[in-house]
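Engineer: What follows is a predicted structure for the sequence shown.
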Amino acid sequence: MENTTEVEYISIYDKPKRGKGRPKTCNLSDEEKRQRNRDNATRYHYDNYEYCKMRQRLQKQTAYVSKKN
């Protein structure tokens, strides 16, 4: 008869292994992520319509002034 009471040795000095990088929390495909970003951009544009139009007008004006000089 064989006595098998051996237990695997675990060192108290070994550091535990850690995962690399940020945890993966999103389980969407790449196309679903792109669609979600498009929807967010569209929603932002319609929620802040006046601000977006004002910003576009200022950008066009600064581009026109910089071309003129």
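Structural biologist: Arrived safely.
Engineer: ok, and C52, which helix or strand is that part of?
Structural biologist: C52 is part of helix 49-68 when elements are defined by DSSP states H and E.
Engineer: What helices and strands are in contact with that helix?
Structural biologist: Contacts defined by 3 or more C-beta pairs under 8 Å, 6 or more residues apart in numbering; DSSP states H and E place helix 49-68 against no helix or strand at all. (C-beta placed from N, C-alpha, C; glycine too.)
Engineer: Can you tell me which helix or strand of the protein has the lowest average pLDDT?
Structural biologist: Here the helix or strand of the chain ranked lowest by mean pLDDT, DSSP states H and E is helix 49-68, holding a mean of 91.
Engineer: just how off-centre is it within its chain?
Structural biologist: On the basis of C-alpha atoms, centre = their mean, to the nearest Å, helix 49-68 is displaced by 29 Å from the centre of the chain it belongs to.
Engineer: Using PDB, write down the CA coordinates of the helix holding C52.
Structural biologist: In PDB, the C-alpha atoms belonging to helix 49-68 read as follows (Å, rounded to 0.1, in the frame of the first residue of the first chain):
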ATOM      1  CA  TYR A  49     -28.000  71.600 -32.200                       C
ATOM      2  CA  GLU A  50     -27.600  75.400 -31.600                       C
ATOM      3  CA  TYR A  51     -24.100  74.900 -30.100                       C
ATOM      4  CA  CYS A  52     -23.000  72.700 -33.000                       C
ATOM      5  CA  LYS A  53     -24.200  75.200 -35.600                       C
ATOM      6  CA  MET A  54     -22.400  78.100 -33.800                       C
ATOM      7  CA  ARG A  55     -19.200  76.000 -33.600                       C
ATOM      8  CA  GLN A  56     -19.400  75.200 -37.300                       C
ATOM      9  CA  ARG A  57     -19.900  78.900 -38.100                       C
ATOM     10  CA  LEU A  58     -16.900  79.900 -36.000                       C
ATOM     11  CA  GLN A  59     -14.700  77.300 -37.600                       C
ATOM     12  CA  LYS A  60     -15.700  78.400 -41.100                       C
ATOM     13  CA  GLN A  61     -15.000  82.000 -40.100                       C
ATOM     14  CA  THR A  62     -11.600  81.300 -38.700                       C
ATOM     15  CA  ALA A  63     -10.700  79.300 -41.800                       C
ATOM     16  CA  TYR A  64     -11.800  82.100 -44.000                       C
ATOM     17  CA  VAL A  65      -9.800  84.700 -42.000                       C
ATOM     18  CA  SER A  66      -6.600  82.500 -42.100                       C
ATOM     19  CA  LYS A  67      -6.900  82.000 -45.800                       C
ATOM     20  CA  LYS A  68      -7.400  85.700 -46.300                       C
END
